[in-house]
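Student: my questions concern the predicted model and sequence given below.
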Amino acid sequence: MSERAIKIYDASEMVVGRLASKVAKAALLGERVVIVNAEKAIITGDRRTVIEAYKDKFNIRTSYNPRKGPFHHRRPDRLVRKIIRGMLPWPRPRGKNAYKRIRVFIGVPEEFANEEKVVLEESRYDSLKRKFITVGDLSFELGWRNPEVA
């Protein structure tokens, strides 16, 4: 399968699940995908409920030795990448190869600053009446500290 051009998605004000499904499909089709501004992506739902759900997930450990994991990410770029991984056929080679073609960044790196970014209008969060939390705020609540973003 030949490598295609890189698609750069701007995750600002986009619902993570909708964006992740489009990105996962593009990666499965063989495209290299880059997501920028991962900390500005949106998770819909009540702020308190979303934070509690993620904190409950963090308490899951093995019974015989809790220090052996599973370990969960707190950084926004890693959280978004893990959400995308859930939409891929992960245990199979096809899913693993697609996962390798996905890169997620906090902010916009210099190498992609002047490139044209794809904006998915169907993934955009257009109604401010519903409750939401950004991935950056969720990461901060989970213990991630970055003075440049937070």
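Tutor: Looks like it arrived, so ask away.
Student: what about Arg61, which helix or strand?
Tutor: In this structure, Arg61 sits in neither a helix nor a strand according to DSSP states H and E.
Student: same question but for Tyr54, I mixed them up
Tutor: helix 47-58.
Student: beyond that helix, next helix or strand please.
Tutor: Downstream of helix 47-58 (by DSSP H and E), the next one is helix 76-85.
Student: who touches Val23 in this structure?
Tutor: Tyr9, Val33, Ile35, Ile84, Ile102 (CB atoms under 8 Å, 6 or more residues apart in numbering). Heads up, the C-betas are built off the backbone N, CA and C, glycines and all.
Student: of the residues you listed, which is the most crowded?
Tutor: Highest neighbour count within the contacts of Val23, by other CB atoms under 10 Å: Ile35, with 26 neighbours.
Student: hang on, isn't it packed against Phe105?
Tutor: Yes: in this structure Ile35 lies within contact range of Phe105 using CB atoms under 8 Å: 6.9 Å.
Student: ok, Arg101 - how many residues close by?
Tutor: Neighbours of Arg101 (other CB under 10 Å): 20.
Student: next one: Ile8
Tutor: 18.
Student: and it, how far from Pro66?
Tutor: Ile8 is 40 Å from Pro66, where distance means CB to CB, to the nearest Å.
Student: can you show me the helices along the chain?
Tutor: Ranges of helices in the chain, per DSSP state H, are 16-28, 47-58, 76-85, 93-100, 135-142.
Student: please point out which parts of the fourth one sit buried.
Tutor: Buried residues in helix 93-100, counted by 16 or more other CB atoms under 10 Å: Gly95, Ala98, Tyr99.
Student: with the third one instead?
Tutor: Neighbour-count burial for helix 76-85, counted by 16+ other CB under 10 Å, picks out Pro76, Asp77, Arg78, Leu79, Val80, Arg81, Ile83, Ile84, Arg85.
Student: list just the nearest of these to Val119.
Tutor: Nearest to Val119, judged by CB to CB, of the buried residues of helix 76-85 is Val80 at 16.3 Å.
Student: tell me the pLDDT of the residue lying farthest from the centre of the chain.
Tutor: No residue in the chain sits farther from the centre than Tyr64, which is 30.8 Å out by CA atoms, centre = their mean. Listed pLDDT for Tyr64 reads 86.
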